[in-house]
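> Below are the sequence and a predicted model; questions follow.
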Amino acid sequence: MTAEKAVASASAWFDSGEFKRVLARRVAIRSESQRDDRDEAIHAYLTQEITPAMEAMGFTLTPLANPQAPERPMLLATRIEDPALPVVLCYGHGDVVFGDDENWRSGLDPWSLTEEGDRWYGRGSADNKGQHSVNIAALEQIYALRGGSLGFNCKFLFEMGEEISSPGLAEVCEQHRELLRADVFIASDGPRLDAERPTLFLGSRGAVNVRLTLHARDRDYHSGNWGGLLTNPATRLCNAIGSLVNQHGQLQVAALKPPAITDSVRKILSEIELRPGADSPQIDPEWGEAGLTPVERLYGWNTLEVLAMTSGNPQRPMNAIPGKATAVCQLRFVVGTDWENIAQHLENHLAAAGFADVKAELLRGSPATRLDPEDPLVGWALASMQKSSGKKPALLPNLGGSLPNDVFANILQLPTLWMPHSYPACGQHAADEHMLKSIAREGLIMMTHLLWEFGENGEQLVAAHKAYQQKGQAS
């Protein structure tokens with residue numbers, strides 16, 4: 001048996017319609033983690049879908065209590081074939097965002113998988129039930145073709161709270177570090193670069209939210225009697241934000257800018273082309289950091305965005321000067337940014353610009369991560385993807401958005417490889433979410449090939465990765 005024969009078998013299985021039937025069952029489970037009346041469905045997804053599938057391949061199931069959100073449990077499936085073999089850690093989340101049933105177009109139901117052309121509509125079809133179902137199916141195909149063996153050890157971690165920012169995931173991984181010990185992390189989430197091009201990304205940008213507040217006085221005052229005499233907090237806050245980000249969307253806070261883009265990352269990004277789909281907004285060519293390409297701005301730089309602003313009552317404006325104004329901003333950042341001290345950096349910058357009365361408060365944040373693109377595991381994964389798909393894959397140093405990759409990269413200290421089976425216009429988190437049948441099929445082909453090869457060459461691949469790490473540490 002060869003990797004090519006394994007791919008042919010997986011393709012035939014997909015074409016039989018069995019994958020669609022499995023995905024339809026999983027989509028039908030209303031595992032909305034943002035609601036407090038879906039606990040039964042949350043548990044059912046793990047017990048009715050994940051447990052039988054993994055037990056059929058000889059995995060041992062270990063429930064992991066969630067210390068932060070007990071009703072959003074986690075489950076670890078473990079198969080150790082030989083302690084001497086390398087271990088792959090996989091990951092998926094079975095929870096979804098609100099179904100938003102009333103806003104799906106006529107003929108579609110978020111809880112019923114509906115096929116239209118190349119699209120499979122259903123909540124979770126793209127995020128993340130469809131994606132981890134592809135990876136489970138790849139394991140199933142290899143297990144069957146090898147006569148009840150994978151050729152490597154495997155652990156698969158499932159969580160049910162990713163859509164509410166993965167509460168407890170970091171604590172669980174800290175607590176069960178030994179139980180989750182592995183050699184490489186391989187998973188699927190987020191979108192490809194576009195529908196046509198297979199994509200590998202090595203981490204994600206970080207994200208941190210911060211609240212800016214200017215409290216001038218405890219009450220509002222009549223604008224006719226006091227206008228021109230009292231400071232207007234809304235006006236000052238708008239000008240304060242303008243000192244942080246200029247009229248072209250360029251970050252002005254030196255302490256929050258990232259290190260210069262390295263030559264190796266710049267070379268990788270030079271091979272990427274952003275091609276917005278029909279449902280995507282058109283890129284504003286004059287917006288963002290000067291001297292960078294749109295791709296470099298998205299994947300290699302930091303951006304500060306205003307998410308929301310309030311002052312007074314926008315729904316019922318009064319003829320009054322408001323007493324305070326507030327805004328919530330978000331910094332998306334790459335590796336090397338001092339994001340944990342963002343509040344102090346902002347206040348220092350604002351004070352120097354004449355806005356010492358604006359206070360900054362860090363709300364929440366997650367680190368940026370990035371596996372070294374020169375790591376041998378990256379070259380192996382790209383070569384496998386190209387061989388199985390017949391297409392040159394796109395390599396992204398990190399996703400533009402955020403994932404809980406810091407848990408796997410920093411806490412578990414794993415090299416992280418993400419191969420997404422979705423695309424930017426999938427409707428993720430919106431009405432009419434869908435997975436492309438063509439991407440699901442191609443994803444199964446690539447993942448089967450990748451994991452089959454790991455079963456053949458895993459020990460050498462892990463050894464090459466460790467040697468590369470040691471060389472880097474020595475230098």
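Great, that's in hand.
> Provide a list of residues in contact with S165.
R364 (Cβ atoms under 8 Å, 6 or more residues apart in numbering). The way it works is simple: take the backbone N, C-alpha and C, and place the C-beta from them, glycine included.
> tell me the pLDDT at it?
With respect to pLDDT, S165 has a value of 91.
> and the gap between it and A368?
16 Å (Cβ to Cβ, to the nearest Å).
> What segments of the stretch 101-250 of the chain are helices?
129-145, 169-175, 223-226, 233-244 (DSSP state H, counting those that start in this stretch).
> which other helices and strands contact the shortest one?
This means helix 223-226. strand 320-321 (3 or more Cβ pairs under 8 Å, 6 or more residues apart in numbering; DSSP states H and E).
> Quick one: list the elements packing against the strand it packs on.
Judged by 3+ Cβ pairs under 8 Å, 6+ apart, strand 320-321 is in contact with strand 221-222, helix 223-226.
> Using CSV, write out every CA atom in the longest one.
Only the C-alpha atoms of helix 223-226 are listed here, as CSV (Å, rounded to 0.1, in the frame of the first residue of the first chain):
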residue,chain,number,x,y,z
SER,A,223,-24.8,72.7,24.8
GLY,A,224,-26.4,76.2,24.4
ASN,A,225,-25.5,77.4,27.8
TRP,A,226,-22.1,75.7,28.1
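> what residues does it touch?
For helix 223-226, the external contacting residues (Cβ under 8 Å, 6+ apart) are 319-321.
> go on, stretch 63-77?
By Cβ under 8 Å, 6+ apart, stretch 63-77 touches 33, 39, 42-43, 46, 50-51, 54, 59-62, 95, 154-161, 164, 167-169, 171-172, 175-176, 179-180.
> how about a cut-off of 6 Å?
33, 39, 46, 54, 59, 61-62, 156-161, 167-168, 171-172 (Cβ atoms under 6 Å, 6 or more residues apart in numbering).
> what do you get for stretch 328-337?
Residues contacting stretch 328-337 (Cβ under 6 Å, 6+ apart): 205-211, 258-259, 302-308, 339, 368, 370.
> does the residue most central in space within the chain count as helix, strand or coil?
Taking Cα atoms, centre = their mean, the centroid of the chain lies closest to L403, which sits 3.1 Å from it. At L403 the chain is in coil, as set by DSSP: H, G, I helix; E, B strand; the rest coil.
> before we move on, what about T47?
Per three-state DSSP, T47 ends up helix.
> how much space between it and N66?
For T47 relative to N66 (Cβ to Cβ), the value is 16 Å.
> same question, G300
Counting by Cβ to Cβ, the gap from G300 to N66 is 35 Å.
> out of these two, which sits in the busier spot?
Each of G300 and N66 has its neighbours counted (other Cβ atoms under 10 Å); G300 has more, 24 against 20.
> wait, doesn't the more buried one sit right on P259?
No: counting by Cβ atoms under 6 Å, P259 is not a contact partner of G300; they are 10.0 Å apart.
> and L85, what is it in contact with?
152-153 are the contacts of L85 under Cβ under 6 Å, 6+ apart.
> what pLDDT does D279 get?
So, for D279, pLDDT stands at 70.
> Just give me the neighbour total for it.
11.
> related to what we said a few turns ago, of all the helices of the stretch 101-250 of the chain, which one comes closest to L350?
helix 233-244 (5.6 Å; Cβ to Cβ).
> The longest helix along the chain - contacts with which helices or strands?
If you go by DSSP state H, the chain has its longest helix at helix 437-474. For helix 437-474, the helices and strands in contact under the criterion 3 or more Cβ pairs under 6 Å, 6 or more residues apart in numbering; DSSP states H and E are helix 3-15, helix 129-145, helix 376-389.
> Out of these, the one nearest R364 is which?
Among these, helix 129-145 sits nearest to R364 (Cβ to Cβ), with 25.0 Å.
> quick one: buried residues of the closest one?
Within helix 129-145, the residues that count as buried by 16 or more other Cβ atoms under 10 Å are 129-145.
> Tell me what angle it forms with helix 437-474.
80 degrees (axes from the mean of the first three to the mean of the last three Cα atoms, to 10 degrees).
> Please compute how far helix 129-145 lies from its chain's middle.
20 Å (Cα atoms, centre = their mean, to the nearest Å).
> what angle sits between it and helix 3-15?
Using the same axes, to 10 degrees: helix 129-145 against helix 3-15 is 130 degrees.
> Pull the residues that contact helix 129-145.
1, 6, 9-10, 19, 23, 26, 53, 57, 90, 92, 150, 188-189, 421, 435, 440, 443-444, 447-448, 451-452.
> try it again with 7 Å
Under the criterion Cβ atoms under 7 Å, 6 or more residues apart in numbering, residues 1, 6, 9-10, 13, 19, 22-23, 26-27, 53, 57, 90, 92, 94, 124, 149-150, 154, 188-189, 420-422, 435, 440, 443-444, 447-448, 451-452, 455 lie in contact with helix 129-145.
> So for the residue of the chain most remote from its centre, what's the pLDDT?
Distance from the C-alpha centroid of the chain peaks at N225, with 51.6 Å (Cα atoms, centre = their mean). N225 is assigned 96 on the pLDDT scale.
> Ok, S475 next?
pLDDT, S475: 69.
> now do E453
You'll see E453 listed with a pLDDT of 98.
> Count residues in the vicinity of it, would you?
E453 has 20 nearby residues by other Cβ under 10 Å.
> M385 is in contact with that one, correct?
No: in this structure E453 lies outside contact range of M385 using Cβ atoms under 7 Å: 10.6 Å.
> Give the buried subset of the contacts of stretch 328-337 as a ChimeraX selection command.
Selection of buried members from the contacts of stretch 328-337 for ChimeraX, criterion 16+ other Cβ under 10 Å:
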select :205,206,207,208,210,211,258,302,303,304,339,368,370
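> Strands - which of the contacts of stretch 328-337 land there?
Under the assignment DSSP state E, these contribute 206-211, 303-308, 370 to strands.
> and D220, backbone torsions?
Torsion angles at D220 (phi, psi; degrees, to the nearest 10) stand at phi -90, psi 160.
> which residues does it contact?
D220 makes contacts with 312, 318, 320-323, as judged by Cβ under 7 Å, 6+ apart.
> Farthest pair within those?
Using Cβ to Cβ, the contacts of D220 span at most 11.7 Å, a distance reached by M318 and G323.
> Between these two, point out the one with more neighbours.
Higher neighbour count among M318 and G323: G323, with 19 against 11, using other Cβ under 10 Å.
> So the more buried one is in contact with L214, correct?
No: applying Cβ under 7 Å, one finds G323 not in contact with L214, separated by 9.7 Å.
> what is in contact with these two at once?
P233.
> Give me the ChimeraX select line for the contacts of helix 223-226, limited to the buried ones.
Selection of buried members from those for ChimeraX, criterion 16+ other Cβ under 10 Å:
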select :320,321
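> Tell me the one among the contacts of helix 223-226 nearest to D109.
For those, the nearest to D109 is A320 (47.5 Å; Cβ to Cβ).
> list the contacts for the closest one?
220-223, 312.
> can you give me the end-to-end distance of stretch 96-103?
16 Å (Cα to Cα, to the nearest Å).
> Not counting its own residues, what contacts it?
30-32, 34-35, 110-111, 123-124, 127, 163, 429, 431.
> Relative to E289, which of these is nearest.
H429 (26.7 Å).
> what's the nearest residue to that closest one if we skip its chain neighbours?
The shortest distance from H429 to any non-neighbouring residue, by Cβ to Cβ, 6 or more residues apart in numbering, is to V97 (5.1 Å).
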